[in-house]
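[1] let's see this in three dimensions:
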Amino acid sequence: MIRAGVAALVGATLWASAGVAECRQALALGLDVSGSVDAREYRLQLDGVAGALDDPAVRAAILSAPEAPVSLLVYEWSGPTDQRVIAPWRSIRDAAALQELIDGLRQVERAAASPGTALGVAVAAGAAYLAQRPACLKHTLDISGDGISNLGPRPRDVKRQLAGRDLTVNALVVEAAGEDSTLTGYFMAEVITGPGAFALSAAGFDAYQSAMTTKLLRELAVLSLAQLGDEAPPALSALPALRGQ
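    You can find the predicted model right below:
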């Protein structure tokens with residue numbers, strides 16, 4: 001909690017002292033709803049995103065600079081033609097806007113979709129959504145998944161096409177609880193890309209909320225310091241432990 005509080009303070013200091021952007025970060029969350037995700041896991045995932053956004057430390061990080069807000073979008077994906085936006089772009093300038101997003105996610109019901117896993121298409125769709133927010137200083141795609149791609153373009157090919165763009169693709173990988181798996185390694189090699197990209201594992205969907213909370217805090221903290229570069233005031237330069245963590 002202390003670390004998260006420092007991250008929020010860093011964010012607030014950055015946007016108060018540096019040039020204020022219209023939007024400091026566009027963050028798109030892509031959720032796997034393929035056939036490997038059953039009804040219980042679907043609910044754990046949606047409620048996990050809502051719960052992570054409702055975490056006090058995440059709230060503080062998102063709301064630390066309302067004059068340069070975080071812009072959020074959430075979508076679901078499975079087969080090549082199954083991408084559904086369940087929370088369209090919105091700029092989170094105050095607690096009411098964040099609460100509205102959280103409440104909306106908790107009320108989403110599952111829609112019919114093909115059972116396939118078109119991970120490459122899902123990443124390309126997320127990149128297209130992020131392109132709708134050109135005014136944002138940073139663009140981040142969070143792609144969640146519990147299996148390898150089996151339909152559509154290979155993720156590695158989409159990753160190659162995204163190279164050099166103003167975009168970071170991170171992954172939240174849902175591993176089978178209690179089993180050895182190379183799935184996180186697959187996402188690291190085939191999916192993640194861009195400055196500071198990382199993959200984070202969750203031991204089953206029961207651990208999804210905790211992993212998503214950690215992931216959001218890491219992304220929001222990295223943004224605050226990475227954008228300052230050599231212009232960081234002395235008080236912030238004294239916090240090297242937060243850089244890239």
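[2] who's D32 bridged to?
    W77 (DSSP bridges).
[3] neighbours around it, how many?
    Neighbourhood size, D32 [other Cβ atoms under 10 Å]: 23. All C-beta atoms are positioned from the backbone trio N, CA, C, and that covers glycine.
[4] and what of the one 10 residues further on?
    If you count neighbours by other Cβ under 10 Å, Y42 ends up with 18.
[5] center of the chain, which residue is that?
    D142 (3.2 Å; Cα atoms, centre = their mean).
[6] surely it meets V173?
    No. With contact defined as Cβ atoms under 8 Å, D142 does not reach V173; the gap is 11.4 Å.
[7] list phi and psi for T168.
    phi -120, psi 130 (degrees, to the nearest 10).
[8] ok, and the closest non-adjacent residue to it?
    In this structure, T168 finds its nearest non-sequential neighbour in G194, 3.4 Å apart by Cβ to Cβ, 6 or more residues apart in numbering.
[9] likewise for T81?
    S114 (7.4 Å).
[10] what do you get for Q161?
    In space, Q161 is closest to A124, 7.7 Å off (Cβ to Cβ, 6+ apart).
[11] isn't that neighbour right up against V158?
    Yes. A124 lies in contact with V158 (Cβ under 8 Å); the separation is 5.1 Å.
[12] who's more crowded, these two?
    Ranked by neighbour count (other Cβ under 10 Å), A124 and V158 place V158 first, with 24 against 20.
[13] tell me the pLDDT of the more buried one.
    Note for V158: predicted pLDDT of 97.
[14] show me what contacts it?
    Listed by Cβ atoms under 8 Å, 6 or more residues apart in numbering, the contact set of V158 reads G120, V121, V123, A124, A127.
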